[in-house]
Structures are given as structure tokens and as C-alpha cells.
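Q: Turn this into a structure:
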Amino acid sequence: MTTGDGRKLVLLTGANGQVGFELARSLQGLGQVVALNRRGLDLTDSEKIRRVVRELSPALIVNAAAYTAVDSAESDVAAAMRLNAEAPDILAQEAKRLGALLVHYSTDYVFDGTKDGPYEEDDAANPLNVYGKSKLAGEQAIAASGCAHLIFRTSWVYGARGKNFLRTMLQLGMHREELSVVADQIGAPTWSRTIATITSEVLSQLLAQDADEWLRYSGIYHLTASGATSWCGFAQAIFDKSTLKQKPVVKAIPTAAYSSYPTAAARPRNSRLSNQKLFTLFGVTAPDWRDALEFCMADLL
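A: Next up is the predicted model:
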């Protein structure tokens, strides 16, 4: 649970992912961080998960690994369920056995997008695709384990590394004069560093308390950037803040007019999540998505 010098041991999975990469840095002040990528801990191997967790005996497990290929999940159901539902279930069981705190990340895609306003944590889930169903199953397994846990639902994650909308737009923008981007799906573009920073702020508060107190805070929290836009609005903001000499014209289109429509996986039209529960309980705030994008773009440069 603690290292020889009295520091808490923190196990981080998915260390090479967008969120995991940022967490490996932001969690440093909380204890000794053991950051493992897929080579260090293959979450499709249930026995290895148990063995590694028991050998390390962490006080905190932060699971940033996930199957995130939304369209591929429609034809690769077993793989999505292994990573997004079965692996979190095993981590939760081991956290319960150790008395450790588990942090896990979920998604706006657990909702169907039919609500008029931002979704709150206790709104009924109704995922439209396999990815959303697998993430919801992971949430339910963690809750059923009885371990102390924080599940952070986020949305439209992007960063300076990895495969994401920001990097795709910048790459396409270098070669095309016009881009057609969906304008009838709404959500909050959320920088991976925002997620990592707020996670660390929340954990610094919890780890300062006795482990017996962690269960009082266990549950689901929404964690996104503030504000909202469409994918089209996000794309336009990216090019507005970019240094491309020739910036493409961004054309707003409905989902039905998208060139790859219908995609394998259906997407919710409304992905807005309310952060109020998180803000109220932990006194944190999230930056406006435009401000976070500006900082991320500066990193890219």
C-alpha cells in the first residue's frame, strides 16, 4: 500500500494513451507512480491483472486504459467488452480486496442524446452503440464490487498526441481547401490534460483523508470542459487557432449528409454533461473548452 519511504503507491494503466500520458505526470505528487502501458499490463489477460495488482499492492489504481475505437467495436464486441467491462471488473475486485481506491474513466456515449439539456449523473443510461454499452457495463461492474471508486464520465477527448479529432483536422487541413463537418451533434471538447489535472486535484483531497472516508465519495462524476459546441464549431476553432498558412473552409452539414454516413456506430446528438456534482463536492472548476484548446494548440507548436 505504501513504499519504503511512506509514500502511497499508485498504479496507472494505459500510460501511453491520451489521458494516461497526462496522468503519468499529474499524479506524481500523490505518491510513487507505477505507470504501465499494454506491454507492462495487458488488460485482456485477467490472470495477469490479478497478479500485477497483488504484487504491487497499490493504495490507488487509476485505470486510463480502454477500447476506444467506437466504430470497430460494432464488429469486435468481445474485445470491447474485455477492455471496457471485464478488465475494470477485475480491477474493482482487486481494489476491494486491498482496500484501495479505484479511478476509472467512462463516456458520454452511455446516453442516447435525446435529452434537451446537459445530462446529470443519475439520468437513465441508454447507449446507442457497443462502445457505450461496454463502458456502461464497466461502470456497473465497478459499482457492484463494493470497492471505493470514482468513475469520471468525460466527452470528446483530444490532445497533442494520439489519434483524435484535433490532430485529424490539422492533418486534413494541410491538404484540403474545404472540409464538411457535422454540426448537429453537440458536446464539450475536453483536453486530456484537463481530465488529468482535475483528477489529480480530486485525488489529492481524498488521499489526505482516511481510507474509511473514500466510500462516502464513491460514485459517478461528470468531468468535461465547460461550455459546448458542435463538431463543426470545434473544427472551426481549431483552424482559427492554428498556424496553417492556407486554412480550409469549414462547411456545416447534418449527420445524414456526412460522406461516411451511416457510420457503423450511432452517435448521440446531445453529449453535454453537467459537471455540477463534481464542482460542488470537490470545489474544482473546468476551463472553457476554447481556453483549453488554445493551451493545447500552444503545446503542439
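
Q: how about the strands of the stretch 1-150 of the chain, start to end?
A: 9-13, 32-36, 60-63, 101-107, 148-154 (DSSP state E, counting those that start in this stretch).

Q: So in that sheet, which strands flank the fourth one, and in what orientation?
A: The strands beside strand 101-107 in its sheet (DSSP bridges) come out as strand 60-63 (parallel), strand 148-154 (parallel).

Q: can I get those in a markdown table with distance to Y131?
A: In this view, the C-beta of every residue, glycine as well, is placed from N, C-alpha and C. Formatted as a markdown table, the strands paired with strand 101-107 follow (distance: least, CB to CB, whole Å):
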| stretch | distance to Y131 |
| --- | --- |
| strand 60-63 | 16 |
| strand 148-154 | 13 |
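
Q: got the ones you listed as CSV, with mean neighbour count columns?
A: Listed next are those as CSV, based on neighbours: other CB atoms under 10 Å:
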stretch, mean neighbour count
strand 60-63, 26
strand 148-154, 24
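
Q: got the ones you listed as TSV, with mean pLDDT and distance to H104 columns?
A: What follows is the strands paired with strand 101-107, written out as TSV (pLDDT from 0 to 100; distance: least, CB to CB, whole Å):
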stretch	mean pLDDT	distance to H104
strand 60-63	98	5
strand 148-154	98	5
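
Q: wait, which of these is closest to I253?
A: Proximity of those to I253 was assessed by CB to CB; the nearest stretch is strand 148-154, lying at 25.7 Å.

Q: ok, residues contacting that closest one?
A: With CB atoms under 8 Å, 6 or more residues apart in numbering as the test, strand 148-154 has contacts from 92, 95, 99-108, 110, 121, 139, 142-143, 190, 195, 199, 202-203, 206, 211, 214-215, 217-224, 273.

Q: Can you turn the buried part of these into a PyMOL selection?
A: Isolation of the buried members of the contacts of strand 148-154 (16 or more other CB atoms under 10 Å) is achieved in PyMOL through the command below:
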select buried, resi 92+95+100+101+102+103+104+105+106+107+108+110+139+142+190+195+199+202+203+206+214+217+218+220+221+222+223+224+273
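
Q: From the chain's centroid, how far away is whatever helix or strand F295 lives in?
A: Element membership of F295, judged by DSSP states H and E, is helix 289-300. Centroid separation for helix 289-300 versus its chain: 18 Å, with CA atoms, centre = their mean, to the nearest Å.

Q: so what secondary structure elements neighbour it?
A: helix 165-173, strand 190-191, helix 192-207, helix 231-241 (3 or more CB pairs under 8 Å, 6 or more residues apart in numbering; DSSP states H and E).

Q: so which of these gets nearest N37?
A: helix 192-207 (15.5 Å).

Q: Just the mean pLDDT for the helix or strand hosting T280, thanks.
A: According to DSSP H and E, T280 maps onto helix 276-282. Per-region confidence: helix 276-282 scores 97 on mean pLDDT.

Q: cool, stretch 227-245 as well?
A: 95.

Q: So which bits of that stretch are buried?
A: Buried, per 16+ other CB under 10 Å, within stretch 227-245: 228-239, 242.

Q: with those residues in mind, which one is nearest to A264?
A: W231 (17.3 Å).

Q: In contact with that closest one: list those residues for me.
A: Per CB under 8 Å, 6+ apart, neighbours of W231: F165, V181, V182, A183, Q185.

Q: any idea how far L150 is from Y67?
A: Between L150 and Y67 the computed distance is 20 Å (CB to CB, to the nearest Å).

Q: got it, and L56?
A: For L56 relative to Y67 (CB to CB), the value is 23 Å.

Q: Give me the contact list for the helix holding F295.
A: Contacts for helix 289-300 (CB under 8 Å, 6+ apart): 158-160, 166, 170, 188-191, 193-194, 225-229, 234, 237-238, 241-242.

Q: One more: stretch 67-75?
A: By CB under 8 Å, 6+ apart, stretch 67-75 touches 76, 79-80, 82-84, 109, 129-131, 134, 263-265, 267.

Q: Report the buried members of the residues you listed.
A: Among the contacts of stretch 67-75, those buried by neighbour count (16+ other CB under 10 Å) are A80, R82, L83, N84, Y109, N129, V130, Y131, S134, A265, R267.

Q: How about the fourth one, nearest residue that isn't a chain neighbour?
A: In other words, N84. Excluding the flanking residues, the one nearest N84 by CB to CB, 6 or more residues apart in numbering is S134, at 3.7 Å.

Q: what's near enough to touch that neighbour?
A: Taking CB under 8 Å, 6+ apart as the test, what S134 contacts is Y67, A73, V77, A80, M81, L83, N84, A85.

Q: Closest one to L41 out of those, please.
A: L83 (11.9 Å).
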